[in-house]
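Student: Structure for this input, please:
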Amino acid sequence: MSNIKIAIVGIGNCASSLIQGIHYYRGKNAQDASGLMHWDIGGYEPGDIEVVAAFDIDKRKVGVDVHAAIFSAPNCTTVFCSDIPDSGVGVRMGKILDGFADHMKGYDEKRTFVLADKPEPSEADIIKVLEESGAEILLNWLPVGSAVAARFYAGCAYKAGLAFVNNIPVFIASDPEGQWAKYFEEAGLPIIGDDIKSQLGATITHRMLTDLFAKRGIRLERTYQLNTGGNTDFLNMLDHSRLASKKESKTEAVQSVAARRLDDDNIHIGPSDYVPWQNDNKVCFLRMEGKLFGDVPMNLELRLSVEDSPNSAGVAIDMIRCAKLALDRGQSGVLEGPSAYFCKHPPVQFTDDEAFKLVEQFISDEGVAGDEMLDSRSGQRQPVAAEG
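Tutor: Just a heads-up that it's a prediction; the model follows:
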């Protein structure tokens, strides 16, 4: 089978981990490989992915081969595969818009973005690059809070004929008006989103424990999730004005699996602080308070430490292959099962067990018919209600 050709917006730590992973698993087999949710998706293995276009705004990356740019500052993630040949694909200057927060200018250059002194491309310029590159899928890894820029690139994707994978908390696949889903469906293209779940991160762990409380009859009364890290994502999020959709995405991911919704005062989920020496390591502090049999109180505290970007890339490598599978099948619009399983804020929330079944059905081509959906409570197929 031919390689899956992708374009990436934002050559940061997550893109670095993804590209390292593509080469790390290339040449391995299912028996040798660990750390993957799926070795084979529709005949595509992890090494069957090729980056054919890339965009960034940092002067240390623009104009550099993408396989070298992933190791450029301010990237600080773990290097687990350094023997990567040049790709022949140079990183292009991207559109800045709201993809850069002004407060990041005052930090040491090794910690923050340094804007390239290059003309910004137009929409037509980017569409031309995407079309000429042969890319089939565009991955969005812009910084949190890049709402305008994310929508700009989503528009470029469907106009250039590419599927779109939205890894950040800007509500495109889950747009309440459904406009973006309509654009991609009319263009005959799939979209997966929004806001990637880590392979085993703070939110997926919080969701599983919240679901466990509900299944075991424990009344969850209060909970918080506090996260610290030292990469550019955490530095970017020191500007709290960029966090509204991030907090909504993470909070709703947990609320959606609770036995009963918690009052706003009793749930706090979100990035908490930037600790430079942590680099790409993310530490989550989780607390859950509840009542057992006889209203006897209990509490749970958990500390989770993970390398943030490989944790994301381990999911993205499956999202890419699911998007390609949909392209091969001629499926368009929001991919409900992959979005529910891989993302924090999909258009329809399911428990993780239900979402797992949906994505396995999708991969095996035993998915729900187009005029049906899987009810998130009963697990039964139900007709989709007509709009309006």
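Student: Next, please give the residue ranges for the helices of the protein.
Tutor: 13-25, 66-69, 123-133, 147-160, 179-186, 202-215, 232-236, 244-255, 308-329, 336-342, 352-363 (DSSP state H).
Student: JSON lines for those helices, including mean neighbour count and mean pLDDT?
Tutor: For the C-beta atoms, the positions are set from N, CA and C on the backbone; glycine is no exception. Output for those, formatted as JSON lines (neighbours: other CB atoms under 10 Å; pLDDT from 0 to 100):
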{"stretch": "helix 13-25", "mean neighbour count": "25", "mean pLDDT": "98"}
{"stretch": "helix 66-69", "mean neighbour count": "21", "mean pLDDT": "98"}
{"stretch": "helix 123-133", "mean neighbour count": "17", "mean pLDDT": "98"}
{"stretch": "helix 147-160", "mean neighbour count": "22", "mean pLDDT": "98"}
{"stretch": "helix 179-186", "mean neighbour count": "17", "mean pLDDT": "97"}
{"stretch": "helix 202-215", "mean neighbour count": "19", "mean pLDDT": "97"}
{"stretch": "helix 232-236", "mean neighbour count": "23", "mean pLDDT": "95"}
{"stretch": "helix 244-255", "mean neighbour count": "20", "mean pLDDT": "95"}
{"stretch": "helix 308-329", "mean neighbour count": "23", "mean pLDDT": "98"}
{"stretch": "helix 336-342", "mean neighbour count": "26", "mean pLDDT": "98"}
{"stretch": "helix 352-363", "mean neighbour count": "19", "mean pLDDT": "97"}
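Student: which other residues reach stretch 217-225?
Tutor: Contact with stretch 217-225 is made by 202-203, 206, 210, 213-214, 250, 254, 258-260, 262, 266-270, 284-293, 295, 298, as judged by CB atoms under 8 Å, 6 or more residues apart in numbering.
Student: Out of these, which end up buried?
Tutor: 202-203, 206, 210, 213-214, 250, 254, 258, 262, 267-270, 284, 286, 288-290 (16 or more other CB atoms under 10 Å).
Student: In contact with the closest residue in space to Ile196 that isn't next to it in sequence, which residues are there?
Tutor: The shortest distance from Ile196 to any non-neighbouring residue, by CB to CB, 6 or more residues apart in numbering, is to Asn167 (4.2 Å). Taking CB under 8 Å, 6+ apart as the criterion, Asn167 is in contact with Cys14, Leu139, Asn140, Trp141, Gly193, Asp195, Ile196, Ser312, Ala316, Met319.
Student: Could you check the pLDDT of the second one?
Tutor: In other words, Leu139. We have a pLDDT of 98 for Leu139.
Student: what's across from it in the sheet?
Tutor: Here Leu139 shows beta-bridge partners Ile8, Val165, assigned using DSSP bridges.
Student: separation between the nearest residue to Tyr44 once chain neighbours are set aside and Ser16?
Tutor: Distances taken as CB to CB, 6+ apart place Arg321 nearest to Tyr44, at 4.6 Å, with adjacent residues excluded. Applying CB to CB, to the nearest Å, the value for Arg321 to Ser16 is 19 Å.
Student: Next: Glu307.
Tutor: Counting by CB to CB, the gap from Glu307 to Ser16 is 11 Å.
Student: Kindly provide the distance from Val91 to Ile70.
Tutor: In terms of CB to CB, Val91 sits 9 Å off from Ile70.
Student: Name the residues contacting each of the two.
Tutor: Ile11.
Student: residues near Trp277, how many?
Tutor: By other CB atoms under 10 Å, 6 other residues sit near Trp277.
Student: Report how many residues lie close to the closest residue to it other than its chain neighbours.
Tutor: Among residues not flanking Trp277 along the chain, Gly230 sits closest, at 6.0 Å (CB to CB, 6+ apart). Gly230 has 21 neighbours, counted by other CB under 10 Å.
Student: Same check on the one 10 residues further on?
Tutor: The tally of other residues near His240 (other CB under 10 Å) stands at 12.
Student: Could you do Val283 as well?
Tutor: For Val283, the count of nearby residues is 18 (other CB under 10 Å).
Student: which ones are touching it?
Tutor: Contacts of Val283 (CB under 8 Å, 6+ apart): Asn227, Thr228, Gly229, Arg303, Leu304, Ser305.
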